[in-house]
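Asks: give me coordinates for this.
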Amino acid sequence: MHKQLITNNRHLFCNTAMVKKNVMLMVLCLATLISNGQAILKLDKKVHDFGVVKESANISCIFVLENIGTDTLFVGEIQPECGCTLPDITSKKIAPKEKSIMHVKYDGKDRLGSFSKKIAIYTNSNPKVEIVFIMGEVQTDGVFNQGLQRTNAAVQLNLEKLVFGEVDNQSKKTIALTLFNNSESEQFVLGYNNKPEWLMAEMDTAKILPKKSLTINFTIDAAKIKDYGKIVRYFSIRTSDPLLPAKMLFINAIINEHFEKPPTKKKKLAKWQAKQPHAVLSRNLINYGNVRSGAVAKDTLSLTNTGGDTLFVRKVESSCACLRIEISKHEIAPGETAILTVIFDTITRKDLQRKSASIYVNDPNNSEIVISTTAQVIN
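Replies: Take a look at the predicted model:
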């Protein structure tokens, strides 16, 4: 009887211990699941085109930031490349399945002509930095002479810009342009001036009947561009229009590197990722502090390749000629590091300066690395 009681107690102890162990395992699993939650940023768009605006107009737009992940999304720095661009966000803490609105204002005073500005958004998502653009064309507050010419012109266009958006460098993208003959006589397309070789037109010459329209497809061949990042060009269509024979068009595109589609299965995906280059920048933000006017400020960063293949620096692009980056090497083997010297020249600058630069690399998970800088220029 005594032995039976001991045996039963042992069984009870073992069962209790097993239950506790199972509970602990469940708690640990739940904690792991919670800790492995990922915030994922989704933008409603990457580019906003204001079109043609007057110099004194108060223009603004919105970008919608949505968290489609399972953990809270935290928005850190929102860094515009220029003081003319002012972003503001309703909330920097976005719960899963929730949204936040980023308002962006642009000051066009004394900035006549076409503009394209970059805004870097830093979050705890992957990638850590997302880039959005605003663009448009600022014209004087006086009479829009060019606009009046367009209105009264014999040949009118339905677009002033060919905005291709994001294109990978092994792809083509087409935009249809409509030309309308507003006159009572035949009009003619006679060719093009300054058209890039990588922009193909469906036709070089054509006839437009009175009060009729003609559509021309323009195709961008990104493989021929041999460049990365933001591309802004212009060209003109020659016509027989007696009032405005040359029809100017701007081209806007963002050229991304082409990457193979990663496998969907976990094991194959892990092997694929291990073979890719992986760019790790020591930090993305530089604060030069107070800098005397006319002086040159410098800071250094390190760019390390922690991946399994060579990391190539394709291009370095700055928002301003006053900011430049010197790189110790453009080919970084696995495990190696390149030194980046970030140089800000304060000449002709004053007050608070916010500038940024982009480094384009062949990392499929982080192909554009953004460096943001601030400096207070004092006399």
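
Asks: C-alpha only now, for contacts and for neighbours.
Replies: Noted.

Asks: downstream neighbour of the one helix or strand in the chain whose mean pLDDT sits lowest in the secondary structure list?
Replies: Taking mean pLDDT, DSSP states H and E as the measure, the chain has helix 2-35 as its least confident helix or strand, at a mean of 45. Proceeding N to C from helix 2-35, the next assigned helix or strand is strand 41-43, under DSSP states H and E.

Asks: and that following strand, what's buried?
Replies: Going by neighbour count (16 or more other Cα atoms under 10 Å), the buried part of strand 41-43 is residue 41.

Asks: partner strands of the following helix or strand past that strand and their direction?
Replies: Next in sequence after strand 41-43, counting helices and strands by DSSP H and E, comes strand 47-54. Take DSSP bridges as the rule and strand 47-54 pairs in its sheet with strand 129-139 (parallel).

Asks: quick one: residue 292 from residue 50, how far?
Replies: Using Cα to Cα, to the nearest Å, we find residue 292 at a distance of 36 Å from residue 50.

Asks: what do you get for residue 350?
Replies: For residue 350, the distance to residue 50 equals 28 Å [Cα to Cα].

Asks: now do residue 329
Replies: Noted for residue 329: a distance of 39 Å to residue 50, by Cα to Cα.

Asks: neighbour count winner among those two?
Replies: Between residue 329 and residue 50, residue 50 has the larger neighbour count (other Cα atoms under 10 Å), namely 16 against 13.

Asks: model confidence for the residue nearest to that one when sequence neighbours are not counted, exactly?
Replies: Leaving out its chain neighbours, the residue that sits closest to residue 50 by Cα to Cα, 6 or more residues apart in numbering is residue 136, at 4.8 Å. Note on residue 136: pLDDT of 85.

Asks: residue 279 reaches residue 312, doesn't it?
Replies: No: Residue 279 sits out of contact with residue 312 when judged by Cα atoms under 8 Å, with a separation of 9.5 Å.

Asks: all helices for the stretch 201-350 of the chain, in order.
Replies: Taking DSSP state H, counting those that start in this stretch to define them, one finds helices in the stretch 201-350 of the chain at 266-274.

Asks: strands of that one, residue ranges please.
Replies: Along the stretch 201-350 of the chain, the segments classed as strands by DSSP state E, counting those that start in this stretch run 206-208, 213-221, 229-239, 246-256, 279-281, 285-292, 296-305, 311-318, 323-327, 331-332, 337-345.

Asks: out of the ones you listed, flag the one nearest residue 117.
Replies: strand 229-239 (9.8 Å; Cα to Cα).

Asks: near residue 218, how many other residues are there?
Replies: Residue 218 is flanked by 17 other residues according to other Cα under 10 Å.

Asks: domain-wise, how is the protein divided?
Replies: 1-36, 38-142, 153-258, 271-378 (automatic domain parsing).

Asks: spatially nearest residue to residue 370 (excluding sequence neighbours)?
Replies: Closest to residue 370 by Cα to Cα, 6+ apart is residue 358, at 4.6 Å.

Asks: surely that neighbour touches residue 367?
Replies: No: using Cα under 8 Å, residue 358 makes no contact with residue 367, being 9.8 Å away.

Asks: what bridges to the residue nearest to residue 370?
Replies: Judged by DSSP bridges, the bridge partners of residue 358 are residue 317, residue 370.

Asks: contacting residues around it?
Replies: 316-318, 368-371 (Cα atoms under 8 Å, 6 or more residues apart in numbering).

Asks: again with residue 95
Replies: Taking Cα under 8 Å, 6+ apart, we find residue 95 in contact with 67, 71-73.

Asks: what do you get if the cut-off is 6 Å, keeping everything else the same?
Replies: Listed by Cα atoms under 6 Å, 6 or more residues apart in numbering, the contact set of residue 95 reads residue 72.

Asks: distance-wise, check it relative to residue 123.
Replies: Counting by Cα to Cα - residue 95 and residue 123 are separated by 13 Å.

Asks: what does residue 115 give?
Replies: 26 Å.

Asks: quick check: which ranges of the stretch 1-150 of the chain have low pLDDT?
Replies: 1-36, 110, 140-150 (pLDDT under 70).

Asks: ok so, going back, okay, residue 279 and residue 312: which has more neighbours?
Replies: A direct count of neighbours by other Cα under 10 Å for residue 279 and residue 312 places residue 279 higher, at 26 against 18.

Asks: just grab the bridge partners of the more buried one for me.
Replies: Taking DSSP bridges as the rule, residue 279 bridges to residue 305.

Asks: I'd say residue 299 and residue 339 touch.
Replies: No: here residue 299 does not reach residue 339: they are 10.4 Å apart, not a contact under Cα atoms under 6 Å.

Asks: which residues in the stretch 51-200 of the chain form helices?
Replies: 145-152.

Asks: so which residues of it form strands?
Replies: For the stretch 51-200 of the chain, strands defined by DSSP E, counting those that start in this stretch occupy the ranges 59-67, 73-80, 85-89, 93-94, 99-106, 113-123, 129-139, 155-157, 161-168, 172-181, 187-193, 199-201.

Asks: out of those strands, flag the one nearest residue 42.
Replies: Set against residue 42 and scored by Cα to Cα, these come closest in strand 59-67, at 5.1 Å.
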